[in-house]
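Visitor: this one's structure only:
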């Protein structure tokens, strides 16, 4: 089997009926971007400060070692940025940072907290003077920032945040306080050991009255000594299931005083006399949640695609069963893994569109208030359901990958367990996702009501995720899907979209009618969550359908890439109809026969793509040292590599240190010595 495995891998790779390298260029944003990243991988591969070198194993580092190594990675990346020789090639240096990001999820999160979350709050909510003051400090890492939003008793329900910031008119300062144990800022990355500053969201009190939520910049530690500032208490939240290299912590404010200038004031104003002008809409204080949610797209493509690469490569070289066949040939394998692979490409495609929309929303950092407020609702809704749906489905994919690798998934050396742990820490729990999806459902119901009751739909600068609600009346008037030959959908994305959008509108209308009849939102909670999940899944389909229809030849110059992306989009569309078909059945829109036909075609279509799995995962471009899984070696030589990895592990052979104390006293006894 060890000699057969590389042959199997080579045959699978050769079976791809599309140009793998051209697909890799599409995935990475272009040929130049792909080649730069591959060069960056080569640059970091032998740097001991960025990549753990053999015989040490990255997956064996203790928590303290991971913390130190991760901070060392950050220090080294900053050194490279500032190096007069290496730093001169800005594009390559940026890609090197991205390559380290792919190699280590702890680096990714720890660096992201400062460079994205902390920075975003300053730039989205700070005025020009505040941006001019703080940005040089942030960009040059003269301060290290964190993002103090979630509390021990509160996460996505921001209106219930308990931390207070009370304006003291006599001293022209805010006094920030954690009044209860549940107001303790919790799960805050970089807070336990690293951050010198934080942006903190708090209930703002002026002249004895609560005026809403605002964000403040607060110093946590002395920049030179690392000691906590007066009236700050902070510590580590302890061992986590994953992300050992991230110092997640807790923060309590005990009457911390910050100057009025530390109230981020792009949208609000407070003068010396205590006259407060609120934001034009309270929702602007939640603006920073949108890039945080969209960051899940990056996390998803980074981590879940690695797990799928491992499971897929192992699946084509592992042989088992009566005919000693490749386990990837079992329907239970490819029907689970192929839609997951398609999901990665759909997420990647949608992320590009959402990034473009977010640029419109922020206008490159100079937000126009009217444009901003007109688009806030839709961006909030799609980012919320993306985080909820992608988080849940990605968790299912990870479990699928674990099962697909059998017992070897439980070996720490094969990467799957490490990714599962890091993913669990990265994403929020089930309750939080319910809240996010409920928020999306509420917005969808609002848009539907606008259309049905007032015949209104807002004029937007980009195609909204809710654009199908424009045609709500027509969908409601359609009693049943007119398609009798479901196979026609394989070449006509419009037929699939018609069914998806009709199901969504009909289910939303049913929820609306339920609310009008006296049912509570809690009575319809699971229905609402399911509709929001489908809304997200359909949005990803419609984005890719627009990009990769047969008419959209401008998307890529390589016809084989256009073909495979068309097929992946078709598979995802079938997956959506197969997964959410029960919603259509409840409305009488899909007949039992149509649902049976969808399932049959879905299974056949998966089978038709079976031989493309290696090419599709190869296009993601992960080197072996990033994957960190011997059972997923690029060349298929998994058994020798796996065994060698174990032999290099500390104390894998030899007499254990406790032999003399516990084993020898038992085994040295003579037969009559009881």
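Guide: Everything's here; your move. Treat the numbers as computed from the prediction; the structure is a model and nothing was measured.
Visitor: Quick one: mean pLDDT for stretch 47-66?
Guide: Stretch 47-66 shows an average pLDDT of 93 in the prediction.
Visitor: hang on, I meant stretch 333-340
Guide: Rounded mean pLDDT across stretch 333-340 is 98.
Visitor: if I read this right, residue 19 contacts residue 563, doesn't it?
Guide: No - here residue 19 lies out of contact with residue 563, judged by CB atoms under 8 Å, at a distance of 10.1 Å. For the C-beta atoms, the positions are set from N, CA and C on the backbone; glycine is no exception.
Visitor: any residues touching stretch 21-38, and which ones?
Guide: Applying CB atoms under 8 Å, 6 or more residues apart in numbering, the contact partners of stretch 21-38 are 91-92, 95, 98-99, 345, 348, 556, 558, 560-561, 564-565, 615-616, 618-621.
Visitor: Tell me which entries of those lie within helices.
Guide: With helices defined by DSSP state H, the entries of the contacts of stretch 21-38 inside them are 91-92, 95, 98-99, 345, 348, 560-561, 564-565, 615-616, 618.
Visitor: picking that back up, between residue 19 and residue 563, point out the one with more neighbours.
Guide: residue 19 (18 against 15; other CB atoms under 10 Å).
Visitor: Let's have the ones in helices among the contacts of stretch 21-38 in CSV, adding neighbour count, distance to residue 483 and pLDDT.
Guide: Formatted as CSV, those follow (neighbours: other CB atoms under 10 Å; distance: CB to CB, whole Å; pLDDT from 0 to 100):
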residue, neighbour count, distance to residue 483, pLDDT
91, 12, 48, 93
92, 18, 51, 95
95, 23, 46, 95
98, 20, 44, 94
99, 26, 46, 96
345, 26, 25, 97
348, 21, 29, 93
560, 16, 29, 94
561, 23, 29, 95
564, 27, 25, 96
565, 25, 23, 96
615, 22, 31, 98
616, 26, 28, 98
618, 20, 36, 98
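Visitor: Turn the residues you listed into JSON lines, columns for distance to residue 631.
Guide: Listed next are the ones in helices among the contacts of stretch 21-38 as JSON lines, based on distance: CB to CB, whole Å:
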{"residue": "91", "distance to residue 631": "34"}
{"residue": "92", "distance to residue 631": "32"}
{"residue": "95", "distance to residue 631": "28"}
{"residue": "98", "distance to residue 631": "26"}
{"residue": "99", "distance to residue 631": "23"}
{"residue": "345", "distance to residue 631": "24"}
{"residue": "348", "distance to residue 631": "25"}
{"residue": "560", "distance to residue 631": "29"}
{"residue": "561", "distance to residue 631": "29"}
{"residue": "564", "distance to residue 631": "26"}
{"residue": "565", "distance to residue 631": "29"}
{"residue": "615", "distance to residue 631": "19"}
{"residue": "616", "distance to residue 631": "18"}
{"residue": "618", "distance to residue 631": "16"}
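Visitor: which among those residues gets closest to residue 134?
Guide: Among these, residue 98 lies closest to residue 134 (CB to CB), at 24.5 Å.
Visitor: Please tell me how far that closest one sits from residue 111.
Guide: The spacing between residue 98 and residue 111, counted by CB to CB, to the nearest Å, is 10 Å.
Visitor: got it, and residue 86?
Guide: 18 Å.
Visitor: Who has more neighbours out of the two?
Guide: Set residue 86 next to residue 111 and count neighbours by other CB under 10 Å: residue 111 wins out with 20 against 14.
Visitor: For that one, give me its contacts.
Guide: Counting by CB under 8 Å, 6+ apart, residue 111 has contacts 74, 77, 97, 101.
Visitor: tell me which element it is part of?
Guide: Taking DSSP states H and E as the definition, residue 111 sits inside helix 105-112.
Visitor: Give me the mean pLDDT for that helix.
Guide: Helix 105-112 shows a mean pLDDT of 92.
Visitor: So for residue 426, what's the pLDDT?
Guide: Note on residue 426: pLDDT of 62.
Visitor: roughly how far apart are the nearest residue in space to residue 315 that is not next to it in sequence and residue 472?
Guide: Distances taken as CB to CB, 6 or more residues apart in numbering put residue 328 closest to residue 315, at 3.8 Å, once the chain neighbours are dropped. Applying CB to CB, the value for residue 328 to residue 472 is 43 Å.
Visitor: just residue 618 next, same as before
Guide: Here the distance between residue 618 and residue 472 works out to 43 Å (CB to CB).
Visitor: what's the least confident helix or strand in this structure, going by average pLDDT?
Guide: helix 416-426 (a mean of 77; mean pLDDT, DSSP states H and E).
Visitor: Packing partners of it?
Guide: helix 105-112, helix 305-317, helix 369-404 (3 or more CB pairs under 8 Å, 6 or more residues apart in numbering; DSSP states H and E).
Visitor: ok, then the element right after it?
Guide: Following helix 416-426 in sequence, per DSSP H and E, is helix 430-454.
Visitor: Centre of the chain to the helix or strand that that following helix is followed by, how far?
Guide: Once helix 430-454 ends, the next helix or strand along the chain (criterion: DSSP H and E) is helix 472-477. Put simply, helix 472-477 sits 34 Å off its chain's centre (CA atoms, centre = their mean, to the nearest Å).
Visitor: quick one: contacts of helix 472-477?
Guide: Contacts with helix 472-477, where a contact means CB under 8 Å, 6+ apart, come from 448, 451, 452, 468, 501, 502, 505, 506, 509.
Visitor: closest to residue 201 among the residues you listed?
Guide: Distances from residue 201 to the contacts of helix 472-477, taken as CB to CB, are shortest for residue 448 (31.2 Å).
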